[in-house]
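In: Got a predicted structure here, sequence first:
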Amino acid sequence: MEGAPVKKFPMPTKRYVQVLNLRNKPELLEAYKKQHSPEEMWPEIMEGIRSVGILEMEIFIERNHLVMVVEAPEDFNWDEAMARLATLPRQQEWEDWNAQFQDCEPGETSDEKWKSMDRMFYLY
């Protein structure tokens, strides 16, 4: 197993971890992966994520299970950022398009689809 490199930031940060399931159909899983590739990812979505203050976002996949890890500045307010993100150009279009792959309800925002995880253990 190869670990993923972690970017260092010049300020204190905090991490958010969320989960989401995809529809368990091979053709949909492949299409979802392709949509998130550097060649296919919508630039407006990347810009929007950065504009609300998110420093880094990673999505890990195992079969049809996704884990998203978000790194943000220590003073980042998740609820305010997600409310702002939902209003940005093409964001709802992106959510609606991706809903065909995700185990979610039509019209849900990103913040409604992804379920937050609580940290229950850490090793420092």
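Out: Now that the structure is in, tell me what you want to look at.
In: can you count the residues close to Gln91?
Out: Per other C-beta atoms under 10 Å, the neighbour tally for Gln91 reads 19. Using the backbone N, CA and C atoms, a C-beta is placed for each residue, glycine as well.
In: check contacts around the residue lying closest to Val17 once chain neighbours are set aside.
Out: Leaving aside its sequence neighbours, Val17 sits nearest to Met117 (C-beta to C-beta, 6 or more residues apart in numbering; 4.5 Å). Shown in contact with Met117 (C-beta atoms under 8 Å, 6 or more residues apart in numbering): 17-19, 67.
In: Out of these, which end up buried?
Out: Buried members of the contacts of Met117, scored by 16 or more other C-beta atoms under 10 Å, are Gln18.
In: Helices - which of the contacts of Met117 land there?
Out: Under the assignment DSSP state H, those contribute nothing to helices.
In: Going by distance to Met57, which of the contacts of Met117 wins?
Out: Gln18 (10.2 Å; C-beta to C-beta).
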